[in-house]
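# For reference, the sequence and a predicted model appear below.
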Amino acid sequence: MTENSSPNAKPDSDSTHAPVQVDPTNTSSSKPRQKSLLKGVLIIVILLGSLVVIYAFQPKARAYALNAIEAMRSGTDEFLNPPPERDLALLSLAASHWQMQDWEKIVDSHSKVVELEPQNYTTWSRLGSARHRLGDYQGAIEAHRNATYSPIFAATAWYNLACEYALTDQIDEAFEALDQSLRLGFGNVNLIQTDPELDVLREDDRFFIPPAPERLTYTTQDGTEIQYWLVLPKDFDPEKSYPGLVGVAGGNQNINGAQGSLSRFWGMQAYRHGWIVIAPAAPRTMSFFVGEGHLQLEELLDSVLEEYNIEDGKFHIAGYSNGGTSAFNIASQFPDKFQSVTVFPGYAIPGPSFDRLENLTGMHVSMYWGEKDLGPSEKFSRETHARLKMLGIESSIKEFPGEPHIPHSLMGDELIKLLDSIRQTNSTSDS
């Protein structure tokens with residue numbers, strides 16, 4: 001079992017695993033909602049104002065500023081829109097029980113919270129972990145089943161369900177849950193291979209764990225090192241042609257961020273659907289969305305195209321948040337290497353990237369964002385879309401109602417299915 005909400009969480013040295021969760025319930029604040037709203041708006045104004053000042057200076061500082069704003073707009077939705085009529089005293093008590101790791105008290109307080117807030121998935125996840133620790137596996141199954149309804153906790157919750165089904169000799173259900181966790185991007189292969197709670201599954205012929213993505217380093221002619229993750233499809237045959245994807249993470253775009261993008265969108269999912277994926281990290285002190293970091297990718301892309309039989313000799317590119325903006329930057333800089341651009345969200349930043357949009361002629365461009373995105377995604381995405389339409393470039397946009405900055409609807413297999421549909425459309429157009 002793992003108590004970590006991250007699909008790639010590493011086990012602790014403890015007998016199970018240390019909890020590392022972000023609690024979206026925000027139980028520490030009891031101020032009126034109006035003051036919270038004003039404070040949140042003030043934070044946004046200050047950060048956006050800081051970006052305007054910093055943007056004129058050093059590229060690295062610009063990157064840090066943009067990262068800060070991305071983190072802010074992704075994480076403050078619950079802060080700005082707390083559920084009404086919350087029992088803050090009970091939530092505070094539950095949070096203190098969790099911090100103390102008092103499993104019996106956690107079960108008591110968290111059970112009361114979910115009675116009042118049945119959609120509080122953080123609490124369902126923690127309740128499942130506590131019941132599991134106490135040996136109440138049927139109770140843990142109930143709690144973790146509820147946690148699967150959250151895109152944030154789903155992959156880990158399904159993995160925990162696999163453990164609980166295995167411990168109660170529900171072997172078929174355990175394999176179904178493990179398969180579901182992998183489909184949703186649970187990427188801790190080492191844990192799956194060594195977790196004693198899955199011993200009974202490893203004795204079964206059905207047990208199979210895909211190989212972990214490979215971490216590689218490419219050195220350009222000028223000595224720049226680019227680290228990246230490589231995913232090859234199931235039953236890979238070097239003689240066959242496969243669709244290729246460049247997956248670009250958001251945030252600060254380091255190697256850990258690139259690894260996180262695999263678990264959420266294009267790691268295990270691409271393996272199962274027959275894609276070759278490279279997920280690059282930006283070179284040191286650089287980024288792909290501002291400055292000149294994206295220029296370093298050309299040699300890496302050529303190297304992968306030379307080594308692998310990529311369908312049609314061109315990649316698809318996808319990215320989220322800063323990675324979505326990066327996708328426009330990269331594809332418009334090297335248009336001969338790409339056949340589609342998919343961002344969620346993302347847009348062409350006014351300036352060189354926007355000016356190069358005409359280079360995307362012949363590509364299919366798709367832009368998505370969540371209705372609750374607090375940043376400028378909708379505004380700039382619509383402007384980018386309008387420019388593409390004016391240039392005669394195929395472009396589509398969609399807003400996901402009720403969803404945050406990075407839409408949950410594209411997690412799991414959904415993004416790869418979307419990219420497969422773009423491939424089919426391209427194939428029909430070509431024929």
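In hand now; what should we look at? Numbers count the residues shown, from 1 in each chain.

# ok, the nearest residue to Ser366 once chain neighbours are set aside - contacts?
Among residues not flanking Ser366 along the chain, Thr342 sits closest, at 4.6 Å (Cβ to Cβ, 6 or more residues apart in numbering). Placement of C-beta: from N, CA and C, glycine included. Neighbouring residues of Thr342 by Cβ atoms under 8 Å, 6 or more residues apart in numbering: His316, Ile317, Ala318, Gly319, Ala327, Val365, Ser366, Tyr368, Leu415, Leu418, Leu419, Ile422.

# Show me where the chain has its strands.
Counting by DSSP state E, the chain has these strands, from start to end: 214-219, 225-231, 242-248, 276-280, 310-319, 338-343, 364-370, 395-400.

# For those, give me CSV that also has mean pLDDT.
As requested, those are exported to CSV (pLDDT from 0 to 100):
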stretch, mean pLDDT
strand 214-219, 96
strand 225-231, 96
strand 242-248, 98
strand 276-280, 98
strand 310-319, 97
strand 338-343, 98
strand 364-370, 97
strand 395-400, 97
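
# now those strands in JSON lines, with distance to Phe380?
Converted to JSON lines, the strands of the chain look like this (distance: least, Cβ to Cβ, whole Å):
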{"stretch": "strand 214-219", "distance to Phe380": "31"}
{"stretch": "strand 225-231", "distance to Phe380": "27"}
{"stretch": "strand 242-248", "distance to Phe380": "17"}
{"stretch": "strand 276-280", "distance to Phe380": "24"}
{"stretch": "strand 310-319", "distance to Phe380": "14"}
{"stretch": "strand 338-343", "distance to Phe380": "11"}
{"stretch": "strand 364-370", "distance to Phe380": "9"}
{"stretch": "strand 395-400", "distance to Phe380": "11"}
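
# nearest to Leu295, of those strands?
strand 225-231 (11.3 Å; Cβ to Cβ).

# Partner strands of that closest one, with direction?
If you go by DSSP bridges, strand 225-231 pairs up with strand 214-219 (antiparallel), strand 276-280 (antiparallel).

# out of the contacts of Thr342, who's nearest Asp87?
Nearest to Asp87, judged by Cβ to Cβ, of the contacts of Thr342 is Tyr368 at 35.7 Å.

# Please look at the closest one and Pro401 and confirm they touch.
No. Using Cβ atoms under 8 Å, Tyr368 makes no contact with Pro401, being 12.0 Å away.

# Compare the two and say which is more crowded by neighbours.
Tyr368 (25 against 9; other Cβ atoms under 10 Å).

# what's the closest non-adjacent residue to Glu239?
Per Cβ to Cβ, 6+ apart, closest to Glu239 is Asn309, 7.3 Å.

# That neighbour: neighbouring residues, count only.
14.

# what's the pLDDT at it?
The score at Asn309 is 97. That number is its pLDDT.

# same check, this time on His17
Taking His17 on its own, its pLDDT is 44.

# In contact with Arg145, which residues?
Arg145 touches Ala157, Leu161, counting by Cβ under 8 Å, 6+ apart.

# circling back: ok, which of the strands of the chain comes nearest Ser96?
Counting by Cβ to Cβ, Ser96 lies closest to strand 364-370 out of the strands of the chain; the figure is 32.1 Å.

# Alright, calling it a day.
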